[in-house]
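Asker: I would like the atomic coordinates for the input below:
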Amino acid sequence: MKLQEQISRIQSMMGLINEDNYPAFIRRRVNIKDEQVLNELKKNIIYNLSQKDIDALISNAIRAEAYIIWDSANYDTTEDNSKNLYTEIVKVLKNKFYQELVDYYNEMRKNPDDDGIYCFIKHSERYGGLQSRGFSECVYGWYKFLGQYGRWFGDLDWNEVKQKMDEKPNENILIKKPLENHIYHYYFSVRKTTR
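Answerer: Reported below is the predicted structural model:
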């Protein structure tokens, strides 16, 4: 087996972006996993969920993520290579994630925006109790709630979370435990308050 084939096999096993048209020096310099990139893109989609132009929304999200990747891999390149590098990263991300992001956007917009009151709660105790290190904030409307707090956790199925809140109004629904796919030493809950 050739060295390049071995490297490609190892990278695919590790879940790294491994596209043939993706320059090798990016793969060497930036150790990026598909899941991390997709979660960041989903966070951007959630933040701008009220935007109706889906193509512009996804293109902007991809360009923003491509810039972050480009910035971390951009040292030691000429100006022309730098521009080409950014363009290549945008192409790869678009080819790899565009349809998945369209599906995600449509899935997230399945739940109509409403005038419900949605609360996001960060607490240090398992069953509530904000203590001195927590907070609770409430907003009107599902899309506004997602725009403010949905991007905290791009790995959550927010439609499932909303369904649980609809089934149990006025009850706290635990969505994350400390250090569960995030860096915070807190519990996170949500609540839908009915009028």
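Asker: Helix, strand, or coil at Tyr118?
Answerer: strand (DSSP: H, G, I helix; E, B strand; the rest coil).
Asker: Report the contact partners of the closest residue in space to it that isn't next to it in sequence.
Answerer: Once flanking residues are discounted, Tyr118 sits nearest to Phe145: 3.8 Å by CB to CB, 6 or more residues apart in numbering. C-beta coordinates here come from the backbone N, C-alpha and C atoms, glycine included. Each residue near Phe145 by CB atoms under 8 Å, 6 or more residues apart in numbering is listed here: Tyr118, Phe120, Val139.
Asker: Turn those into TSV, columns for distance to Gln36, pLDDT and neighbour count.
Answerer: Converted to TSV, the contacts of Phe145 look like this (distance: CB to CB, whole Å; pLDDT from 0 to 100; neighbours: other CB atoms under 10 Å):
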residue	distance to Gln36	pLDDT	neighbour count
Tyr118	27	92	24
Phe120	23	92	19
Val139	28	88	17
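Asker: about what we covered before: distance of the residue nearest to Tyr118 relative to Thr194?
Answerer: 15 Å (CB to CB, to the nearest Å).
Asker: Give the buried residues for the lengthiest helix in the chain.
Answerer: For the chain, the helix with the greatest residue count under DSSP state H is helix 79-108. Residues of helix 79-108 classed as buried: 85-86, 88-90, 92-94, 96-97, 101, 104-105, 108 (neighbour count, 16 or more other CB atoms under 10 Å).
Asker: quick one, domains of this structure?
Answerer: 3-108, 117-193 (automatic domain parsing).
Asker: can you tell me the distance between the two ends of the last one?
Answerer: Domain 117-193 has an end-to-end distance of 5 Å (criterion: CA to CA, to the nearest Å).
Asker: Off-centre distance for it?
Answerer: Counting by CA atoms, centre = their mean, to the nearest Å, domain 117-193 is centred 16 Å from the centre of its parent chain.
Asker: With stretch 105-122 instead?
Answerer: 16 Å.
Asker: which stretches of the protein aren't confidently modelled?
Answerer: 1-32, 72-82, 111-113, 115, 127-132, 195 (pLDDT under 70).
Asker: all helices in the protein, in order from the N-terminus.
Answerer: For the chain, the helices defined by DSSP H cover 3-14, 24-29, 34-47, 54-73, 79-108, 142-149, 158-167.
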